[in-house]
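Student: Just to be clear, the model below is a prediction. Sequence and coordinates:
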Amino acid sequence: MNGKQLKNSILQLAIQGKLVPQNADDEPASVLLDRIRAEKEQLVKQGKLKKKDLVTTPISDEEKPFEIPESWEWCRLGEIFSMQAGKTIKADELSLDSNLTHPYPCFGGNGIRGYIAKKNQQGNHCIIGRQGALCGNVKIATGDFYATEHAVVVDHYGGLNVKWAYFFLIASNLNQYATATAQPGLAVSNILETTILLPPLAEQHRIVSKIEELMPLVDEYDKAQRELDELNAKLPEALKKSILQEAIMGKLVPQNPDDEPASVLLERIRAEKEQLVKQGKLKKKDLVTTPISDEEKPFEIPESWEWCRLGEVSSYASTKKKINAANADKDLWELDLEDIEKGGRLIQMKTVGERKAIGDKTFFSKGNILYSKLRPYLLKILVAHQNGICTPEIVPFNCYGSINHQYIVTMLKSTYVDDYINSVTFGIKMPRVGTDTMTNLVLPLPPLAEQHRIVSKIEELMPLVEEYDKAQRKLDSVTTDS
């Protein structure tokens, strides 16, 4: 239950006589109604009211949906209130601020519109908005003020507590009686025919005191609830980031002393690359790597792990195979950046023929890691599940030494890499990351066996986070609607 729902619940208890206890010594509401009628009859004699203001329609049993305390009475709003809309004003008569020439607040359909030089009302009154989407809202006006034609001024009799009237009118949800048109409105005659519950005057004061005692507590609850809702909304994403960060720090799964250490894996990768140089598939410069300083190592890693650069273990900087879309197989997968959701989820697949692709594209193979160098903060990273072509803004690459590609995706999605890449992107409207930045990226490399364990654990945990997120959204939806 949110703050608004709790307030509504308190008001409903109030109008049903369940918020404060009844007192047998209170003057019953029936006597108050008699006194109000006598007051209105006197005003008719004085010409301040008309005889029709004394006429009320009897209330049928069908209009009484629940039992009320014996000391209370059902009545119509027209029995205890008079209502009159205000007068039209011109926009140039209003000032946004109160000043010596415009001292009087001007009430429109949704509260104070501004300040004006003249007044047409004084005293303590409820004001009901009667025009627009928010018609039926209730305010309190005190002292001298001006009411426009969109504001209904409520006069009360018999010494009724104005704040009680304010709370009860809010609880009556007058907006439900608005006309269903493009510009909703409330007719005063219809409002006066609606029913209201009248408590004894002494109980009105107790109800107001109790509501004023509770509402600050409700506001505190509402603030805390909104903070909790905000936290819950952020929690799934925070959990995902935390899992990925724990993974690349060697804290997600236990180390196994029997694992071949990452240093041996790096030696094997270097041997593999040297062989590719001999075959002419790589250049000698691809074997050159910049030593990693202690300042470049952002956190401690397990002893069996090694720090390395992405260019040391991958083909990220290698020449990409280009292909003109016009010459490509029409049934080939053609991947665009817009096909990948933030975080790397593939949201649609289209063929070259379906997309009617044109221009130069980059070919990728099944198993390649696909990384977006454009707007890298969107983390559009995934592993290709089949061959295809893509926009040149997507970089396909492989890793050597049978490195688990999903582990590299995990590393690239981690908070550590995300923050670093976003700090070195260039371009304002379309920020991008350079090839040198990516190849020099320092990454923590676990033993190959541990890479597989890390990926398995992430694949186990992420669906649970998704389920939690889905359940939380459903709960929020139920809470909002109820």
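Tutor: Alright, I've got the coordinates. Keep in mind that what you see is a predicted model, and the values were worked out from it rather than measured.

Student: Tell me the secondary structure at A233.
Tutor: Assigned state for A233: helix (three-state reduction, DSSP: H, G, I helix; E, B strand; the rest coil).

Student: Likewise for the one 4 residues further on?
Tutor: Here E237 takes the helix state, with states given by three-state DSSP.

Student: State the distance from it to K380.
Tutor: Applying Cβ to Cβ, to the nearest Å, the value for E237 to K380 is 16 Å. C-beta here means a position set from N, CA and C on the backbone, and glycine is covered the same way.

Student: same question, K283
Tutor: 29 Å.

Student: which one of those two has more residues nearby?
Tutor: More neighbours surround K380 than the other of K283 and K380, with 24 against 12 (other Cβ atoms under 10 Å).

Student: what's around L335, how many residues?
Tutor: Neighbours of L335 (other Cβ under 10 Å): 25.

Student: Contact partners for it?
Tutor: Contacts for L335 were tallied using Cβ atoms under 8 Å, 6 or more residues apart in numbering; they are M349, F364, L370, G388, I389, C390, T391, I394.

Student: Any chance of the residues you listed in a markdown table with neighbour count and distance to E467 as columns?
Tutor: Output for these, formatted as a markdown table (neighbours: other Cβ atoms under 10 Å; distance: Cβ to Cβ, whole Å):
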| residue | neighbour count | distance to E467 |
| --- | --- | --- |
| M349 | 13 | 25 |
| F364 | 24 | 32 |
| L370 | 22 | 27 |
| G388 | 24 | 31 |
| I389 | 25 | 35 |
| C390 | 25 | 32 |
| T391 | 18 | 33 |
| I394 | 26 | 30 |
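
Student: For these, could you give me a markdown table that also reports pLDDT, distance to K87 and secondary structure?
Tutor: Output for these, formatted as a markdown table (pLDDT from 0 to 100; distance: Cβ to Cβ, whole Å; DSSP: H, G, I helix; E, B strand; the rest coil):
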| residue | pLDDT | distance to K87 | secondary structure |
| --- | --- | --- | --- |
| M349 | 93 | 65 | coil |
| F364 | 94 | 73 | strand |
| L370 | 94 | 68 | strand |
| G388 | 93 | 71 | strand |
| I389 | 92 | 71 | strand |
| C390 | 91 | 67 | strand |
| T391 | 89 | 64 | coil |
| I394 | 92 | 66 | strand |
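
Student: Closest to L287 out of those residues?
Tutor: Nearest to L287 among those: F364, at 24.4 Å, using Cβ to Cβ.

Student: If we ignore the residues flanking it in sequence, what's nearest that closest one?
Tutor: P396 (3.6 Å; Cβ to Cβ, 6 or more residues apart in numbering).

Student: where does that neighbour land in three-state SS?
Tutor: strand.

Student: Isn't it up against K366?
Tutor: No: checked against Cβ atoms under 8 Å, the pair P396 and K366 is beyond contact range at 10.5 Å.

Student: Which one's more surrounded, these two?
Tutor: Higher neighbour count among P396 and K366: P396, with 23 against 11, using other Cβ under 10 Å.

Student: shared neighbours of P396 and K366, which are they?
Tutor: Joint contacts of P396 and K366 (Cβ under 8 Å, 6+ apart) are A384.

Student: Can you pull the domain assignment for this structure?
Tutor: 3-221, 249-258+272-311+414-482, 315-398 (automatic domain parsing).

Student: ok now the longest one, how far from the chain's centre?
Tutor: Okay, so that is domain 3-221. Centroid separation for domain 3-221 versus its chain: 34 Å, with Cα atoms, centre = their mean, to the nearest Å.

Student: end-to-end on that domain?
Tutor: Domain 3-221 has an end-to-end distance of 6 Å (Cα to Cα, to the nearest Å).

Student: pLDDT of it, averaged?
Tutor: Mean pLDDT, domain 3-221: 93.

Student: try stretch 468-477
Tutor: What stretch 468-477 shows for mean pLDDT is 80.

Student: For it, give me every contacting residue.
Tutor: Contacts of stretch 468-477 (Cβ under 8 Å, 6+ apart): D229, N232, A233, L235, P236, L239.

Student: What count of nearby residues applies to the nearest residue to the second one once chain neighbours are set aside?
Tutor: Read that as N232. With sequence-adjacent residues excluded and distances taken as Cβ to Cβ, 6+ apart, N232 is closest to Q472, at 5.3 Å. By the measure other Cβ under 10 Å, the count of residues near Q472 is 15.

Student: What helix or strand is Q472 located in?
Tutor: helix 448-481 (DSSP states H and E).

Student: buried residues in that helix?
Tutor: Applying a neighbour-count criterion of 16 or more other Cβ atoms under 10 Å, one finds L448, A449, E450, Q451, R453, I454, V455, I458, L461, V465, D469 buried in helix 448-481.
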